[in-house]
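Sequence below, structure please.
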Amino acid sequence: MDSSLSSDFQSTPNESTGLSFIKVYNLWHKLIKDELKTVNLTHPQFTVLASLGYLSQRNKEVSQVDISKQADIDVMTVSTIIRNLEKTKLLFRQESSVDTRAKSIMLTEEGRVVLSKALPLVEGIDNVFFGNLETDKQCFNSLLLKLIESNSSKG
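Modelled structure (predicted):
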């Protein structure tokens with residue numbers, strides 16, 4: 001064994017918050033990916049569709065930048081995902097009535113159907129997976145939001 005490696009968690013890696021966090025994320029993410037396969041979506045595609053669905057309920061027009069901000073995915077990645085979702089006819093782009101340089105993104109009827117199937121799948125996984133926290137779930141959500149707020153400007 002190489003004793004030159006230095007870590008605060010050499011005796012028990014389970015004390016590493018980062019390692020525990022990534023293990024939990026990987027367990028949750030595998031469940032999400034497997035379930036979304038049943039509706040032919042990847043997790044990033046679902047995230048873009050769900051963000052578009054959410055924003056469409058509140059705004060007349062939704063742009064790629066709006067989706068990027070809502071999903072916290074960089075604009076170029078969102079652009080690629082939107083192109084792929086447009087090929088599968090789950091959404092479409094049209095010229096914005098507000099800004100002729102921008103495109104407004106809209107769900108197709110097929111996109112609404114797929115999203116209406118995918119949302120309960122993902123929410124069901126969330127309810128079961130995080131439901132194991134029982135009464136600590138609300139505290140866990142608050143702590144996650146605190147981490148997002150305190151670290152989002154550092155990146």
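
Where does the most centrally placed residue in the chain sit: helix, strand or coil?
Closest to where the C-alpha atoms of the chain average out (CA atoms, centre = their mean) is residue 47, at 4.3 Å. Of the three states, residue 47 takes helix under DSSP: H, G, I helix; E, B strand; the rest coil.

how about the closest residue to it other than its chain neighbours, what does it touch?
Leaving aside its chain neighbours, residue 47 sits nearest to residue 71 (4.9 Å; criterion: CB to CB, 6 or more residues apart in numbering). From N, CA and C alone the C-beta is placed, and that goes for glycine too. Applying CB atoms under 8 Å, 6 or more residues apart in numbering, we find residue 71 in contact with 47-48, 51, 78.

per-residue confidence at the residue nearest to the centre of the chain?
On pLDDT, residue 47 comes in at 98.

Check the one 10 residues further on too.
Model confidence at residue 57, expressed as pLDDT, equals 94.

do you know how far it is from residue 51?
11 Å (CB to CB, to the nearest Å).

Which element, helix or strand, includes residue 94?
Residue 94 belongs to strand 91-95 when assigned by DSSP states H and E.

Which of the residues in that strand are classified as buried?
residue 91 (16 or more other CB atoms under 10 Å).

Residue 57 and residue 51: which is more packed in?
Legend: neighbour count by other CB atoms under 10 Å for residue 57 and residue 51, higher for residue 51 (21 against 8).
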